[in-house]
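>>> pasting the structure only:
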């Protein structure tokens with residue numbers, strides 16, 4: 001998505017959902033393992049030149065369906 005902001009500013013964004021995730025991470029001294037058969041992740045990447053005071057709201061959800069296919 002490329003969005004112009006006025007005459008000299010812009011915002012470019014790319015969101016990718018339903019990325020199988022595997023690996024591990026530690027939080028608060030506990031180890032959590034991710035299995036790509038049950039875990040999905042997302043990528044939110046953006047660049048641009050926008051005003052000093054900016055805000056936006058967005059949400060994303062991904063899940064596996066009962067037939068084991070991903071749902072975006």
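Nice, I can see it. From a predicted model like this one, the values you see are computed outputs, not experimental measurements. Numbering: from 1, shown residues only.

>>> for this protein, just list every one of the helices.
Counting by DSSP state H, the chain yields no residue ranges for helices.

>>> tell me the pLDDT at residue 30?
What the model reports as pLDDT for residue 30 is 97.

>>> cool, and residue 68?
The score at residue 68 is 64. That number is its pLDDT.

>>> ok, residue 9 next?
pLDDT recorded at residue 9 is 90.

>>> isn't residue 8 right next to residue 51, touching?
No - counting by Cβ atoms under 8 Å, residue 8 stays clear of residue 51, with 10.5 Å between them. Using the backbone N, CA and C atoms, a C-beta is placed for each residue, glycine as well.

>>> what about residue 61, how many residues close to it?
Using other Cβ atoms under 10 Å, residue 61 has 9 neighbouring residues.

>>> list the buried residues of the biggest strand by length in the chain.
Longest strand of the chain, by residue count under DSSP state E: strand 9-20. Residues of strand 9-20 classed as buried by neighbour count (16 or more other Cβ atoms under 10 Å): residue 11.

>>> partner strands of that strand, with direction?
strand 2-5 (antiparallel), strand 40-49 (antiparallel) (DSSP bridges).

>>> out of those, nearest to residue 13?
Taking Cβ to Cβ, strand 40-49 is the member of these nearest to residue 13, at 4.1 Å.

>>> now find how far off-centre that closest one is within its chain.
Distance of strand 40-49 from its chain centroid, counting by Cα atoms, centre = their mean, to the nearest Å, is 6 Å.
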